[in-house]
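J.: need a structure here:
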Amino acid sequence: MTATGYPAIDRREFLVGALTVGVMAALPGVALAQAAGDPASEAVRRLMVLSTQSALTRLSQTNGFINSVVARFGLPVLFTKGAAAGTGVLAQSAFRMQLIQRLNQFAEAGARGAVPAMAEAARKLPITDAAAILRGRPTAATSALRLEMGSGLVNALRTPLEQALTAAQDPTVAQAIAALPGVTLSDVAHAIALSADNGIWYEIGADEADIRANPATANDPALSAALAAARPAIQPPVPQP
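T.: Here you go, the predicted structure:
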């Protein structure tokens, strides 16, 4: 859960939801033309776009990753494997903590750069059973989008990350690279993207759950109506004899 008070999302629940939606997405006969004329499909698409943009916008702010319980990441594998990682500055706890902070801060640039690709993926995603997603788990739409994108988020993060690293010429990152023969800024960008990937999806899932719990916060009447219609009807109490 983030520090912003979103409902807690159990990670096992998130993954189970992803697998469930994956089975639905594998069914044949899905066409974007059909989805475009289906209000439920459009509601799912809006839910995806809003939760994605909200999460990435928050993470792209100063210390967005560091302040997030689910998106903050530790030292990427690139800096922990091999003989070189166990000696010199990379073996020093204080330097490792400083490097973790800097890499999380660079991830903010990746989040900013990934917004267009994520929004485009949400708009183009074939939706097999929109009603099932609307009635589904709190992260059902996020799970569907993640399964469709595969490694797409990592790819969307890499270019803006490499650009930010190149422009900054950060001394902490430079020291870490100097300790690892053959490692480049491109390798560092990839390592950050891989480390940030899971946390970003959990952050998006938390936003989806928040929108579902409080539809009015989305400021989208059609989406609010679709979510309300998908909720099970409250049965009146049974009269006692």
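J.: only C-alpha atoms for contact and neighbour calcs from this point on.
T.: Noted.
J.: Give the burial count for Asn214, as a bare number.
T.: Asn214: 12 surrounding residues under other CA atoms under 10 Å.
J.: any idea how far Ala176 is from it?
T.: 44 Å (CA to CA, to the nearest Å).
J.: Please name the spatially closest residue to Ile200 (chain neighbours excluded).
T.: The spatial neighbour of Ile200 that comes closest, neighbours along the chain excluded (CA to CA, 6 or more residues apart in numbering), is Ala71 at 5.4 Å.
J.: Kindly apply the preceding question to Ile177 instead.
T.: Using CA to CA, 6+ apart, the closest residue to Ile177 is Val183 (5.9 Å).
J.: which element is the one you found on?
T.: Val183 belongs to no helix or strand when assigned by DSSP states H and E.
J.: oh, and call the first residue 45 from now on, that's how I've got it
T.: Sounds good: first residue 45 from here, last item Val227.
J.: Which strands or helices does the host helix or strand of Met141 pack on?
T.: Using DSSP H and E, Met141 sits within helix 137-168. Judged by 3 or more CA pairs under 8 Å, 6 or more residues apart in numbering; DSSP states H and E, the packing partners of helix 137-168 are helix 83-103, helix 184-193, helix 196-212, helix 215-222, helix 229-257.
J.: Can you convert these into a markdown table and add a column each for mean pLDDT, distance to Val121 and mean neighbour count?
T.: Below are the helices and strands packed on helix 137-168 laid out as a markdown table (pLDDT from 0 to 100; distance: least, CA to CA, whole Å; neighbours: other CA atoms under 10 Å):
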| stretch | mean pLDDT | distance to Val121 | mean neighbour count |
| --- | --- | --- | --- |
| helix 83-103 | 93 | 22 | 22 |
| helix 184-193 | 94 | 23 | 24 |
| helix 196-212 | 96 | 15 | 20 |
| helix 215-222 | 96 | 13 | 16 |
| helix 229-257 | 96 | 7 | 22 |
